[in-house]
Each structure stands twice: as C-alpha cells, then as structure tokens.
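Q: Need a 3D model of the sequence below.
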Amino acid sequence: MVDTYDNLKQGEKGAWVSIIAYIILSAFKISMGYFTGSEALTADGINNTTDIIVSLAVLIGLRIARKPPDQDHPYGHMRAETIASLVASFIMFAAGIQVIIQAAQSLMSGERHAPDMLAAWIALLCAACMWGVYLYNSRLARRINSQSLMAAAHDNRSDALVSIGAAVGIFGSRLGLPILDAVAAFAVGIVICKTAWDIFSESTHALTDGFDEQKLKTFQQTVGDTPGVKRIKDIRARVHGSSVLLDVVVEVSAELSVEQSHDISDEIERRMHTKHHIENVHVHVEPYTGSR
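A: Below is the predicted model of the structure:
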C-alpha cells in the first residue's frame, strides 16, 4: 500500500500542471476571443475554465485518497477521486449547455462577422501547448498506474483537438463562411457535454461496483494458472479509486496442509501484484471435491 500512496502523491504533480495550463490558456483564449470576435475561440476558453474544475477535482480527490484507513473507512479513502469526478461532470455539463445555447443564438442571428485570422493561430498555439500537457500527464499516469490522472490526460487530449476544431472553423469563416465560427462553437459545446457524460458514466459505474468483464476474465486466467489451484469457485472485483479490490474463492486439493494452502494463496497474491499491479487481493481457500 506504500507504493499506492506514493503514486497518489506523484499524481498531484500532473493535476497541478493541468490546473496551471488551464488557468493561463482559458484567460488567454477568452480575452483574445472577444478581441478578435471569435465565438469558437471564446467557447474553447470557456471549455478550459470547466477543465480547471475537473483538474481541481482530481487534485482534491488525490489529496483525500492519500488519507490512510481509519475506523470509519477501513478500506481507505481512495473513492474520493471517483466522487470528485462525479461532481465535476455536473459542472462541465452545465458549462457545455451554456456554450451550446450561446452558439445556437448566434446561428439564428442574422448578422455574422468573420473573426480575425489571429484567432485561428492562437487556437493552434494553444492546441500545441495542451498536447504537450497531455503527453506529460499520460506518461506520468502510465508510470504510476493512476486511472484518475489518465482520465485527466484524456481530457487534455480532447481539449487539444477542440482547439484544432476551433481553428478550422475560424479559417473557414475567413474563407467566406462566417457561419462556420458559430458552428465550431456549437461543436465545442457538444464536446464538453460528451466529455461530461463520459466522466459521469465512468464514475457511476465505479461507484455502483461495476467492473470490466474482460479485465475480470484476465484476472481469472491468472488465478487459474497458479500451481495448486484446482478450480475457481468465485471471483469478484471492484474499483476503489485508482486501485482494484479482488475477492477470489479457489478450491485446492483436500490433502494439502493449511501451510501449503496458505502458500498457494500467497502465490495468487504475488501474481496479481506482479502481472496486474493489484495490491488488495482477498483469497479464500476451500477443499476441492471434484463436483460442480
């Protein structure tokens, strides 16, 4: 568990990188969006303000998750990450709806003006910066095996793509289709809502103890290949923040001693930690009867 808490502390660095980047880029995009008359760039900046909240939620979740187990939380506080992400999804969705409404009003308006070409170059520059943040966070997330930081990295990547889309809309409007700027702003609003839904769906799935069936089959294969395991009677897993809790009931030869059965349990725990980085494994051993 020491490695888990150390990883959570390292993950805070990635959250801080995202927060600082989003604060700078959102202020820059919104101000330059108004200056250049680009609705797409302004909408992109508003999108980044919601991303500040997401990154803050990840940071707060990581901080709370680092608290050790206590009397009220024997499994620890790692689900704080998931709860924080759930709250952030509601805020993101509200911001996305606001952007969509503003873009729809602009589309229904009779007067449209093509934004300054400077807005497109600003959008591309910001996209390059955000892609760099994505590369940093994704590499850090893979190194420390942090699901919440990887989710933040995916958000970084989607923001880079949104900025590229905004630039495309601005270039198009300068080529004689001013409506494309408002269309791009509308698309940004859709992306915000889609990202919010993805975070909401993933968070609720984890909080209701849902688990990826394919991953569970992989875990089952690892347990089944352990020497001494005759049959897997039951196997269950659930997500606990960035960790996985695994409960497995295996059957071994009834002729084995308690010590030999215990050694098989230790080997299962060792394999799950080595192959799948799972530190919380509860193994229950029962005698193998040969009947199904």
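Q: what's the residue closest to the geometric middle of this structure?
A: The residue lying closest to the centre of the chain (C-alpha atoms, centre = their mean) is Ala151, at 1.8 Å.
Q: helix/strand/coil for that one?
A: Per DSSP: H, G, I helix; E, B strand; the rest coil, the secondary structure class of Ala151 is helix.
Q: which residue ranges form the helices in this protein?
A: With helices called from DSSP state H, the chain shows them at 2-36, 39-65, 80-108, 117-144, 147-174, 179-207, 213-224, 258-276.
Q: With mean pLDDT as extra columns, can I get those helices in CSV?
A: Output for the helices of the chain, formatted as CSV (pLDDT from 0 to 100):
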stretch, mean pLDDT
helix 2-36, 84
helix 39-65, 83
helix 80-108, 80
helix 117-144, 89
helix 147-174, 80
helix 179-207, 83
helix 213-224, 93
helix 258-276, 93
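Q: deepest of these, which one?
A: helix 39-65 (a mean of 25; mean count of other C-beta atoms under 10 Å). For every residue, glycine as well, the C-beta is placed using N, CA and C.
Q: Pull the distance from that helix to the chain's centre.
A: In this view, helix 39-65 has its centroid 12 Å away from the chain centroid, taken as C-alpha atoms, centre = their mean, to the nearest Å.
Q: cool, stretch 93-108 as well?
A: 25 Å.
Q: Not counting that stretch itself, show me its contacts.
A: Stretch 93-108 is touched from outside by 39, 43, 46-47, 49-50, 112, 179, 182-183, 185-186, 188-193, 195-197, 200, with contacts defined as C-beta atoms under 8 Å, 6 or more residues apart in numbering.
Q: rewinding a little: the helices of the chain into CSV, with extra columns for distance to Val252?
A: Compiled in CSV, the helices of the chain are given as follows (distance: least, C-beta to C-beta, whole Å):
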stretch, distance to Val252
helix 2-36, 29
helix 39-65, 35
helix 80-108, 35
helix 117-144, 35
helix 147-174, 33
helix 179-207, 32
helix 213-224, 12
helix 258-276, 5
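Q: before we move on, back to that, thought the residue nearest to the centre of the chain was touching Ser85?
A: Yes: Ala151 is within contact range of Ser85, at 6.9 Å (criterion: C-beta atoms under 8 Å).
Q: list the residues that contact both of the two?
A: Common neighbours of Ala151 and Ser85 (C-beta under 8 Å, 6+ apart) are 58, 199, 202.
Q: Could you double-check that the second one lies in contact with Ala88?
A: Spelled out, it's Ile199. Yes: contact criterion C-beta under 8 Å: Ile199 and Ala88 qualify, at 6.6 Å.
Q: which residues sit in contact with Val54?
A: 85, 88, 92, 152, 155, 199.
Q: meant to ask about Lys67
A: 73, 76-77.
Q: make it 6 Å
A: Counting by C-beta atoms under 6 Å, 6 or more residues apart in numbering, Lys67 makes contact with His77.
Q: For stretch 249-265, which outside residues touch it?
A: Under C-beta under 6 Å, 6+ apart, the answer for stretch 249-265 is 228-234, 283-288.
Q: how about it as PDB, C-alpha atoms only?
A: C-alpha atoms of stretch 249-265 as PDB (Å, rounded to 0.1, in the frame of the first residue of the first chain):
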ATOM      1  CA  VAL A 249     -12.600 -18.300  -3.800                       C
ATOM      2  CA  VAL A 250     -10.400 -21.100  -5.000                       C
ATOM      3  CA  GLU A 251     -10.500 -24.900  -4.500                       C
ATOM      4  CA  VAL A 252      -7.300 -26.800  -3.800                       C
ATOM      5  CA  SER A 253      -6.600 -30.500  -3.000                       C
ATOM      6  CA  ALA A 254      -8.200 -31.500   0.300                       C
ATOM      7  CA  GLU A 255      -5.000 -33.400   1.100                       C
ATOM      8  CA  LEU A 256      -2.900 -30.200   1.400                       C
ATOM      9  CA  SER A 257      -1.900 -28.900   4.800                       C
ATOM     10  CA  VAL A 258      -3.000 -25.500   6.000                       C
ATOM     11  CA  GLU A 259       0.500 -24.200   5.300                       C
ATOM     12  CA  GLN A 260       0.500 -25.500   1.800                       C
ATOM     13  CA  SER A 261      -2.900 -23.900   1.100                       C
ATOM     14  CA  HIS A 262      -1.600 -20.700   2.500                       C
ATOM     15  CA  ASP A 263       1.400 -20.800   0.200                       C
ATOM     16  CA  ILE A 264      -1.000 -21.100  -2.800                       C
ATOM     17  CA  SER A 265      -2.900 -18.000  -1.500                       C
END
